[in-house]
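1. got a predicted structure here, sequence first:
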Amino acid sequence: MNIILLGPPGAGKGTQAAMLVDERNMVQLSTGDMLRAARTSGTEMGKMVAGVMDRGELVTDEIVIGLIREQLETATADGGFIFDGFPRTLAQADALNDLLDSEGQTLDAVIEMRVDDAALVSRITGRYTCANCGAGYHDTAKKPAKEGVCDKCGGTEFNRRADDNEESLKTRLMAYYKDTSPLIGYYYAKGQLQSIDGLAPIDQVKASIAGAMD
Ligand code: AMP
């Protein structure tokens with residue numbers, strides 16, 4: 001089953017995708033993670049997109065479509081793919097249709113995680129991840145059981161994203177409403193959209209996603 005998790009930054013797409021990976025053997029395709037990996041490894045593309053990402057703007061369709069094409073051509077996913085942070089424009093949505101078609105795959109559900117804008121600032125500015133295993137935490141909503149120690153791997157180093165600040169968030173939200181939110185109407189018209197309450201507690205959101213998938 002291939003699904004898209006659609007929602008503004010901070011909606012909880014990454015958190016829910018990680019649980020689907022653990023529990024359903026799915027493969028998460030996050031273009032944000034791929035771009036951050038390209039930056040960390042210092043590739044030409046990584047250098048090119050660094051400033052754009054830090055400002056919270058969208059990188060070009062060509063780059064992200066290329067990243068997804070590469071994954072769809074090479075990765076295997078018994079449980080299916082979760083598209084997280086992709087597509088973000090109508091051109092990307094059309095490209096995804098074509099790519100899935102050419103791989104003989106289908107898109108089974110588009111799950112819109114609805115959240116209130118006011119909640120996004122605190123969600124985003126408080127979040128951080130384990131530098132070792134990538135497990136996600138939050139200053140108030142999801143602290144590790146032992147302060148400073150990752151629950152999952154015992155790591156003691158944590159990272160905060162460079163673009164998780166109020167200034168970049170404004171630009172990212174603007175990009176979401178201007179370029180990405182038209183996808184809600186697009187997938188609704190195609191009969192593929194399911195909307196869920198992304199502000200509910202994590203387990204309830206998880207149950208809603210399961211309901212939408214099953
Ligand atoms: P994310 O981790 O999904 O919040 O993405 C972080 C940043 O990577 C975004 O603010 C964009 O600069 C860039 N990015 C990630 N995915 C896309 C995409 N599908 N289209 C354009 N830019 C993207």
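-> That came through fine. On a predicted model such as this, the values are computed, not experimentally measured, just so you know. Numbering: from 1, shown residues only.

2. name the residue closest to the centre of the chain, please.
-> Asp84 (3.3 Å; C-alpha atoms, centre = their mean).

3. I figured it hits Met34, correct?
-> No - counting by C-beta atoms under 8 Å, Asp84 stays clear of Met34, with 10.4 Å between them. (Each C-beta comes from the backbone N, C-alpha and C, glycine too.)

4. what sits against whatever residue of the chain ends up closest to the ligand?
-> Closest residue of the chain to the ligand, C-beta to the nearest ligand atom: Gly32 (2.0 Å). For Gly32, the contacting residues are Asp84, Gly85, by C-beta atoms under 8 Å, 6 or more residues apart in numbering.

5. please confirm that it is located within a strand.
-> No - if the criterion is DSSP: H, G, I helix; E, B strand; the rest coil, then Gly32 is helix and not within a strand.

6. next helix or strand past the helix or strand of the chain with the lowest mean pLDDT?
-> Least confident element among the helices and strands of the chain, by mean pLDDT, DSSP states H and E: helix 117-125 (a mean of 88). For helix 117-125, the following helix or strand on the C-terminal side (DSSP states H and E) is strand 127-130.

7. so that next one, near the ligand or not?
-> No - Strand 127-130 lies apart from the ligand when judged by C-beta under 6 Å from any ligand atom; the minimum separation is 11.0 Å.

8. by contact count, what packs against that strand?
-> With contacts defined as 3 or more C-beta pairs under 8 Å, 6 or more residues apart in numbering; DSSP states H and E, strand 127-130 has these neighbours: strand 136-138, strand 158-159.
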